[in-house]
Structure formats: structure tokens, C-alpha cells
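**Student:** Following is a predicted model, sequence given first.
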Amino acid sequence: MNKKIICLFILLALFSGCSNYASLARSNMGYISYTAQYYPAHPEDHYIELFFEGSPEKEYISLGRIDGFVKKDKDIRPLLIEKARQAGGDAVIDIKVDYQKKDVAAAPAMSGGYHYNRAMISTYQPYETIEIYQISGVVIKYAFKKAIVVEKDEK
């Protein structure tokens, strides 16, 4: 009886982390808001500016931070734009891209793909190097000044 319980706990421990590194096989981007203010998402045709260097000359407020990774460099711009659009932003500034290689153990999944899990590293599992681009940036919204209307005195 005790051996069955121990085996069950070992199996649960091995398979509980199967999805930890599964996301390394695809893109993963997160957004953390800096403000309590909600801004509605922009439509898909809204133009989003990307500033890998410098910042805009217009006044702006910082809405939040984008952090994550993509597997292909061609996915960097579309994902930054999509996250900024969803947050109601007009641009992304302070964009940093860091190319990394990660060595992970690959274990065959039931679906025929691979799941990545450091807890499953053992002698019978091959190591696989995954190349990713670590990305971060700050989503901003341009601050629009309200126009001051001055009425003329008509005499």
C-alpha cells in the first residue's frame, strides 16, 4: 500500500510540471498595467509606433510593461503591436530584445510533440537547445491637451 502511494506521488511530481517549459515552443507575452485607469483596446487598423531607441517628442503617460519571449525574430514587432493595441496604447518605448539559448530536457508527449520540464531531466532524455528572443518594453498613451476655447466679445 505504501509503495503504491509513494509511486503515485512520484508520478504526480514528474508530470505536474510538464507544461512549465511547453510554452518555450511558442511565443509568450505578458502585460502588467502601471495604472488603475482602464483604456479600451484600439481597433486593428490603429497605428502603433515602436521605439527601439529614443522616445517620442509628444507628451505621454506610461500605461504598463510588456514582458515575454518569442521564438522567431519576425514575431517581435507583431506581438509588441498587438499587446500595445490591447492595452489601449499608442506606442511602445524602451524596447529591449535579448537573444538567448536555453538548454532544456525534452520528453516525448502523448500528443507526439515535446514538453519541456527541468524536473524531468535524466540520463534517458536528450537535451534540446531552444533559441528565444526575450522582449520587454513600456506601453505609452499620448497625452492630449484639452483645447482652451476663448470666446470673443462681440460689441
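**Tutor:** Received the coordinates, thanks. Everything numeric here is computed off the predicted structure, so don't read it as measured data.

**Student:** and stretch 38-52, how far apart are its ends?
**Tutor:** End-to-end span of stretch 38-52 (CA to CA, to the nearest Å): 26 Å.

**Student:** who does the longest strand along the chain pair up with?
**Tutor:** The strand that spans the most residues within the chain, counting by DSSP state E, is strand 91-108. Note on strand 91-108: by DSSP bridges, its sheet partners are strand 49-50 (parallel), strand 114-116 (antiparallel), strand 127-142 (antiparallel).

**Student:** C-alpha coordinates for the longest one, CSV please?
**Tutor:** What it means is strand 127-142. Extracted C-alpha coordinates of strand 127-142, given in CSV (Å, rounded to 0.1, in the frame of the first residue of the first chain):
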residue,chain,number,x,y,z
TYR,A,127,18.8,17.8,-24.2
GLU,A,128,17.5,20.3,-26.7
THR,A,129,18.6,23.9,-27.2
ILE,A,130,15.8,26.3,-27.8
GLU,A,131,16.6,29.8,-29.2
ILE,A,132,14.3,32.6,-28.0
TYR,A,133,14.2,36.4,-28.0
GLN,A,134,13.5,37.9,-24.6
ILE,A,135,11.5,41.1,-25.1
SER,A,136,10.4,44.0,-22.8
GLY,A,137,9.0,47.4,-23.4
VAL,A,138,6.8,50.2,-21.9
VAL,A,139,3.4,50.8,-23.5
ILE,A,140,2.5,54.5,-23.6
LYS,A,141,-0.5,56.7,-24.5
TYR,A,142,-0.1,60.1,-25.9
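
**Student:** Of all the residues in it, which ones are buried?
**Tutor:** Ile130, Ile132, Tyr133, Ile135, Ser136, Gly137, Val138, Val139, Ile140, Lys141 (16 or more other CB atoms under 10 Å). No exception for glycine: its C-beta is placed from N, CA and C like everyone else's.

**Student:** Would you convert these into a markdown table that also reports pLDDT?
**Tutor:** Shown next, in a markdown table, are the buried residues of strand 127-142 (pLDDT from 0 to 100):
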| residue | pLDDT |
| --- | --- |
| Ile130 | 79 |
| Ile132 | 86 |
| Tyr133 | 89 |
| Ile135 | 92 |
| Ser136 | 93 |
| Gly137 | 95 |
| Val138 | 95 |
| Val139 | 95 |
| Ile140 | 94 |
| Lys141 | 94 |
